[in-house]
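1. I need the structure of the sequence given here:
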Amino acid sequence: MRHRSFQPSASRTLWLATAALMLAGPALAAPADEALAVTAAAGDSAPDTEIIVVGDAIRAGQIAGSTALVTETDLKRSRVFTVNDALRQVAGLFPRDEEGAGARPNIGIRGLNPVRSTKVLLLEDGVPLGYAPYGDNASYYHPPIERFTSLEVLKGAAQVRFGPQTIGGAINYITPAAPEQLTARFTGSVGNRDTVNLDGMVGGQALGGGLLLHVNHKQTDGNRDNQHLRFTDIFVKGSWDLGADHGITLKVSRFREDSQLTYSGLTRAEFAANPRGNIFVNDDFQTERWNATFAHRWTLSNAATLKTTAYYHHFARDWWRQSSNSGQRPNDASDPACGSVANLNGGCGNEGRLRDYDTWGVESRLSLDHDDLGLGFGGETELGIRFHEERQRRRQWNGDTPTARTPGVGVNAGVRENNERDASAFSAFIQSRLQFGDFAIIPGVRGEFIDYARRNLPVDVIAGGRPTGAKTAETQGQQTLDKLLPGIGMTWRVADDVTLYGGVHRGFAPPRVEDIITPAGGSVDLDAELSWNWEAGVRGSIVKGIRGDATFFVMDFANQIIPQSVAGGVGATLTSAGRTLHRGGELSLTLSSRDAGWTDAETDMFARLASTWVATARYSSTRIANVPCFDGATTGTLVATGAGAVPCGVARDVKGNRLPYAPEWLISGALGIEHKGFTGQVEVVGQSAMFADDVNLVAVTPDGQRGRIGGWAQVNIAASYGPPKGNWEVFVSARNLFDRLFVIDRARGALPGQPLMVQGGVTIRY
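-> So this is what the prediction gives:
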């Protein structure tokens with residue numbers, strides 16, 4: 001595979017030199033014997049090797065932005081089955097379901113479009129989880145939620161510590177530490193819709209350190225008929241202390257998916273006839289992901305700690321399908337060899353969307369403690385640099401039959417896409433917390449310097465809908481993108497356990513390789529997504545046992561990137577939408593009767609609430625869109641939109657319209673009790689209505705891809721019992737208890753939400 005080596009410009013060279021000096025300076029300044037003495041005294045309290053995003057409650061209280069922690073207890077009380085179940089517990093997050101297994105999360109934050117989580121930074125122990133965060137930040141993979149003990153969410157100006165996406169927020173999944181003693185655990189559960197979840201863990205001290213092995217196998221039919229999803233995840237983690245000053249962690253994982261899964265949603269008529277139907281019974285989805293991460297911690301002195309992480313991901317995805325959206329149905333005009341839907345399983349061909357990604361990088365972060373440096377004020381400084389490389393290989397093979405796995409020779413067959421897409425990135429950041437008594441100022445800046453390259457390899461020349469045997473010529477293209485992203489925040493502790501916080505930062509998300517370089521190798525005038533993000537809030541104890549966090553936010557986009565046709569699906573051409581504006585508020589509340597002293601240590605009545613209000617999510621500058629006609633209508637016929645009736649068949653400025661997939665309200669609340677080994681919880685989650693397109697159509701178009709999506713709410717319950725300090729536990733859960741039917745997405749046609757899902761199981765510990 002061809003690619004360019006990273007060539008730093010003058011500005012990049014300055015960043016490299018500055019970062020190198022900043023990293024080397026404290027190491028040169030700290031005498032070796034002093035570092036040894038300090039570390040020996042610290043003993044087990046020395047920092048671990050993994051990157052901290054939010055940390056514990058004390059660290060979270062010092063961050064100039066909204067944060068959230070979903071703990072192991074929260075996950076257990078809810079008996080979460082997918083990552084979406086966990087993320088709904090966080091204010092500001094909109095985790096939209098897709099297939100019912102959470103394997104392809106669609107996470108939106110504060111009114112941002114959730115499609116494929118492209119505007120969110122996903123991390124595992126502080127390391128990028130996505131297979132191409134710079135060149136194609138789409139989530140077609142997600143590890144099982146059972147791999148993690150907790151998760152944390154970071155929003156606000158503190159995001160400049162992480163990248164490249166710094167707009168909506170960063171979600172960090174935390175893997176468990178290896179146990180100090182031999183420990184084993186097995187959990188097995190079964191449920192309706194052919195659901196099976198087998199999860200096992202064993203760990204302890206071995207090979208001079210701690211080792212952990214985790215294995216998960218999950219399968220379910222999910223939300224629709226004629227689909228069956230199967231996943232197996234193997235995760236190994238080891239940690240070793242190399243003397244007083246050094247520690248290392250090694251993680252290796254392999255994820256495999258083998259699913260019967262279609263891409264297309266339902267037309268309006270199909271949804272009315274069978275809302276959980278799926279006519280594409282031959283579609284097949286295969287993925288495999290390998291990951292290796294090596295982390296090293298070096299305690300340079302009492303004031304300085306250096307953490308370095310190297311990582312490598314390989315991700316392969318083969319998706320053979322007969323349709324990419326509900327408008328792509330077999331008909332005589334487009335495919336005479338197929339004829340009609342009646343011949344779907346006979347003469348109709350398919351498309352193989354084949355992807356391979358290799359991603360690797362190395363990152364170093366230096367933490368400095370101001371008190372130990374004797375600067376005269378408290379706080380700390382963190383600075384870091386990262387080199388990151390991505391290699392994509394993308395192919396599309398169109399086959400002649402529904403089960404083909406090679407390029408065909410018939411109508412619409414052949415090799416339709418064959419290209420390589422590369423992204424090379426250097427990033428650097430510095431952020432300080434300057435503490436003056438109860439008040440702190442937190443300035444920071446991040447630099448992102450990205451090189452893009454695309455090589456379009458020969459594909460079949462098509463004539464009359466068939467391959468001719470000739471091939472197109474090879475083309476190449478290159479682009480660069482450099483951005484500086486400043487941010488500043490503050491915290492002010494106004495009472496013992498009440499803190500005001502606020503900040504502003506430059507939000508950034510890079511375009512995909514395919515959006516900035518054309519198939520012919522030319523450049524596209526598509527800027528990066530840029531915004532100014534403002535935030536102000538208060539967090540702390542309302543009264544003993546009740547904690548809250550309230551935040552007001554503004555995201556003012558200079559340029560937001562959205563699909564040219566929102567109904568065109570994930571692969572649609574992207575365009576600069578111009579100015580957009582998001583404004584709203586978030587509220588989180590937790591209650592514990594045990595912490596309040598209302599009940600004894602054996603009993604806890606608990607409650608939580610996560611509420612999001614996106615009051616504004618609108619186009620703020622001129623944007624022209626076509627208003628569609630449907631159901632036999634002609635040009636000029638009035639159709640209903642969120643702004644009133646407008647004539648169809650004409651171009652219209654949608655300035656002031658609400659952004660697609662931005663519900664005004666999101667809510668998640670739970671009430672439960674723990675008592676002598678029993679835990680029971682009732683949970684309610686829901687959202688208000690939202691639009692599926694920029695025109696804000698109310699009525700649903702025949703293809704099901706446009707029209708308002710109604711609001712919904714569902715009730716979930718979970719209960720478990722295990723004797724206190726015992727080695728077994730039984731549990732049962734039900735999601736969507738009243739089996740409500742609702743639509744969750746229209747991008748590729750109507751998709752139904754989660755049906756009633758009942759599961760029961762047992763956990764055995766050693």
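
2. all helices of the chain, in order?
-> 10-29, 32-42, 57-61, 72-78, 83-87, 268-273, 370-373, 513-516, 593-596 (DSSP state H).

3. Confidence-wise, which of these is weakest overall?
-> In terms of mean pLDDT, the lowest-scoring of those is helix 32-42 (a mean of 32).

4. Now for residue 514, how many residues are close by?
-> 20 (other C-beta atoms under 10 Å). Quick note: C-beta positions are derived from backbone N, CA and C, even for glycine.

5. State the pLDDT value of residue 412.
-> Looking at residue 412, its pLDDT reads 85.

6. scratch that, residue 564 is what I was asking about
-> At residue 564, the pLDDT value in this model is 46.

7. which stretches of this structure have low pLDDT?
-> For the chain, applying pLDDT under 70 flags the ranges 1-47, 331-336, 521-527, 562-577.

8. 80 - rerun?
-> 1-47, 57-58, 330-337, 339, 515-527, 561-578 (pLDDT under 80).

9. Look up which residues are beta-bridged to residue 502.
-> Per DSSP bridges, the residues bridged to residue 502 are residue 490, residue 536.

10. Roughly how far does it sit from residue 549?
-> From residue 502 over to residue 549 the distance is 13 Å, taken as C-beta to C-beta, to the nearest Å.

11. Residue 473 too?
-> Applying C-beta to C-beta, one obtains 57 Å for the distance of residue 473 from residue 549.

12. again with residue 50
-> If you measure residue 50 against residue 549 using C-beta to C-beta, the figure is 25 Å.

13. And residue 318, by the same measure?
-> Here the distance between residue 318 and residue 549 works out to 43 Å (C-beta to C-beta).

14. When the two are compared, which one has more neighbours?
-> In this view residue 318 and residue 549 are compared by other C-beta under 10 Å, and residue 549 has more residues nearby, 21 against 17.

15. Write down the beta-bridge partners of the more buried one, one by one.
-> Applying DSSP bridges to residue 549 gives these bridge partners: residue 539, residue 588.

16. got a list of what it touches?
-> Taking C-beta atoms under 8 Å, 6 or more residues apart in numbering as the criterion, residue 549 is in contact with 66, 68, 91, 537-539, 586-588.

17. Show me which of these are buried.
-> Burial by neighbour count, judged by 16 or more other C-beta atoms under 10 Å, picks out 66, 68, 91, 537-539, 586-588 from the contacts of residue 549.

18. Would you mind checking which of these is nearest to residue 740?
-> residue 91 (23.1 Å; C-beta to C-beta).

19. Go ahead and confirm that closest one touches residue 589.
-> No - shown here, residue 91 and residue 589 do not form a contact pair, counting by C-beta atoms under 8 Å, at 9.4 Å.

20. so what's the closest residue to residue 319 other than its chain neighbours bridging to?
-> Closest residue to residue 319 apart from its sequence neighbours, by C-beta to C-beta, 6 or more residues apart in numbering: residue 353 at 4.6 Å. Listed beta-bridge partners, residue 353: residue 319, residue 396 (assigned using DSSP bridges).

21. can you tell me how far residue 353 sits from residue 322?
-> Using C-beta to C-beta, one gets 12 Å for the distance from residue 353 to residue 322.

22. So which of these two has more stuff around it?
-> When residue 353 and residue 322 are compared on other C-beta under 10 Å, the one with more neighbours turns out to be residue 322, at 24 against 20.

23. Touching, the more buried one and residue 352? I think so.
-> No - between residue 322 and residue 352 there is no contact under C-beta under 8 Å: 10.8 Å.

24. on that earlier part again, contacts only, for the residue nearest to residue 319.
-> Residue 353 makes contacts with 317-321, 396, as judged by C-beta under 8 Å, 6+ apart.

25. Now flag whichever of those is closest to residue 234.
-> Using C-beta to C-beta, residue 317 is the member of the contacts of residue 353 that sits closest to residue 234, with 18.5 Å.

26. For burial, what's the neighbour tally of the closest one?
-> Neighbour count of residue 317, defined by other C-beta under 10 Å: 19.

27. Residue 738 too?
-> Using other C-beta under 10 Å, residue 738 is surrounded by 9 other residues.

28. what sits opposite residue 260 in the beta ladder?
-> The bridge-partner assignment for residue 260, based on DSSP bridges, gives residue 228.

29. And the strands in the stretch 251-400 of the chain?
-> The residue ranges that make up the strands of the stretch 251-400 of the chain, judged by DSSP state E, counting those that start in this stretch, are 284-299, 304-321, 350-369, 378-399.

30. is it true that residue 494 touches residue 539?
-> No - using C-beta under 8 Å, residue 494 makes no contact with residue 539, being 11.1 Å away.

31. Can you give me the distance of residue 435 to residue 441?
-> 9 Å.

32. returning to that earlier point: hey, what's in contact with both of residue 502 and residue 549?
-> Once C-beta under 8 Å, 6+ apart is applied, the residues that residue 502 and residue 549 both contact turn out to be residue 537.

33. what sits against the residue lying closest to residue 137 once chain neighbours are set aside?
-> On the basis of C-beta to C-beta, 6+ apart, the spatially nearest residue to residue 137 that is not a chain neighbour turns out to be residue 118, at 5.0 Å. Counting by C-beta under 8 Å, 6+ apart, residue 118 makes contact with 137-139, 509.

34. what does residue 241 give?
-> Contacts of residue 241 were listed using C-beta under 8 Å, 6+ apart, and they are 209, 247.

35. Residue 415 versus that one, what's the distance?
-> Residue 241 sits at a distance of 53 Å from residue 415 (criterion: C-beta to C-beta).

36. And residue 361, by the same measure?
-> Relative to residue 415, residue 361 is positioned 32 Å away (C-beta to C-beta).

37. Kindly report the same for residue 437.
-> For residue 437, the distance to residue 415 equals 67 Å [C-beta to C-beta].

38. Residue 49 touches residue 297, doesn't it?
-> Yes - with contact defined as C-beta under 8 Å, residue 49 reaches residue 297; the gap is 4.1 Å.

39. overlap in contacts of those two?
-> With contacts taken as C-beta under 8 Å, 6+ apart, the residues that reach both residue 49 and residue 297 are 247-248, 307.

40. Turn the residues you listed into a markdown table, columns for distance to residue 381.
-> Below are these laid out as a markdown table (distance: C-beta to C-beta, whole Å):
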| residue | distance to residue 381 |
| --- | --- |
| 247 | 22 |
| 248 | 24 |
| 307 | 14 |
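
41. out of those residues, which one sits closest to residue 258?
-> Closest to residue 258 out of the shared contacts of residue 49 and residue 297 is residue 248 (34.0 Å), distances taken as C-beta to C-beta.

42. so who does that closest one touch?
-> Counting by C-beta under 8 Å, 6+ apart, residue 248 makes contact with 49, 239-240, 242, 294-297.

43. And residue 86, by the same measure?
-> Residues near residue 86 by C-beta under 8 Å, 6+ apart: 70, 74-75, 78, 80, 145, 151.

44. again, 7 Å this time
-> Under the criterion of C-beta atoms under 7 Å, 6 or more residues apart in numbering, the neighbours of residue 86 are 70, 75, 80, 145, 151.

45. so what's residue 450 bridging to?
-> Beta bridges link residue 450 to residue 425, residue 481 when assigned by DSSP bridges.

46. Just to check, it is in contact with residue 479?
-> No - when contacts are counted by C-beta atoms under 7 Å, residue 450 is not listed as touching residue 479 (8.6 Å).

47. who has more neighbours, those two?
-> Set side by side, residue 450 and residue 479 give different neighbour counts by other C-beta under 10 Å, the larger being at residue 450 (25 against 18).
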